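Visitor: got a predicted structure here, sequence first:
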Amino acid sequence: MERIESMKIATLHFGEMEFTEQDVFHFTQGLPGLDDHRQFLLIPLEEGIPFSYLQSVEEGNLSILVTNPFDFFQDYDFSLSEEVRQELRIEEPIEVEVWSAVTVNEDLMEATVNLLAPIVVNSKKRIGKQIILHDSSYHVKHQLPLAIADESTK
């Protein structure tokens, strides 16, 4: 039986975390602006909250707030190129997860989400890439409709 070795990382938001290689998402090209950071953990917030942190394994102080954009924008739509599908070794649509970076400044109700550059991952093979949607009407700072989401959970 194969022994799974655990590792630890000291993080800014979560303290010391233990994880295994099977928990890590690999971004072979890093993320734009974070080219040296290629390994991340996805850390969900509390159950029922549609946000997670993408935590760098290489740098404990680096985490990115992300969400599934389809939870907030039901009409969000784009296609993956054959090149991206091959790079991420996607065989079935069920393997694909899409995350978008969220920016929160002083007021949570003013949060924005980046729909122009979604983070696409193969959840089965744990590999990902941030892509830029060319010829798109999306932009990097779409208002996140938190008030609408808040009302729908009541």
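Guide: Everything's here; your move. Residues are numbered from 1 along each chain as shown.

Visitor: show me where this protein has helices.
Guide: Applying DSSP state H to the chain gives helices spanning 82-87, 146-152.

Visitor: worst mean pLDDT among the ones you listed?
Guide: In terms of average pLDDT, helix 146-152 trails the rest of the helices of the chain, at a mean of 51.

Visitor: mind listing the strands for this protein?
Guide: For the chain, the strands defined by DSSP state E cover 6-11, 15-20, 25-26, 39-44, 51-56, 63-67, 96-103, 112-113, 119-122, 127-130, 142-143.

Visitor: out of those strands, nearest to Gly33?
Guide: strand 127-130 (9.5 Å; CB to CB). (Each C-beta comes from the backbone N, C-alpha and C, glycine too.)

Visitor: what's the spacing between the residue positioned nearest the centre of the chain and Gln39?
Guide: Nearest to the mean C-alpha position of the chain, by CA atoms, centre = their mean, lies Trp99 at 4.0 Å. Distance, Trp99 to Gln39, using CB to CB, to the nearest Å: 16 Å.

Visitor: tell me the contacts of Thr67?
Guide: Contacts for Thr67 were tallied using CB atoms under 8 Å, 6 or more residues apart in numbering; they are 50-52, 99-100, 102, 113, 144.

Visitor: from those, which two are the most distant?
Guide: Ser52 and Leu144 (14.4 Å).

Visitor: more crowded one of these two?
Guide: Leu144 (23 against 19; other CB atoms under 10 Å).

Visitor: give me every residue that touches that one.
Guide: 67, 72, 102, 111-113.

Visitor: again, only this time at 10 Å
Guide: Contact analysis of Leu144 by CB atoms under 10 Å, 6 or more residues apart in numbering lists 51, 67, 69, 72-73, 100, 102-104, 108-113.

Visitor: and for Asp107?
Guide: Leu146 are the contacts of Asp107 under CB under 10 Å, 6+ apart.

Visitor: what about Gln143, distance to Val113?
Guide: Taking CB to CB, one finds Gln143 at 8 Å from Val113.
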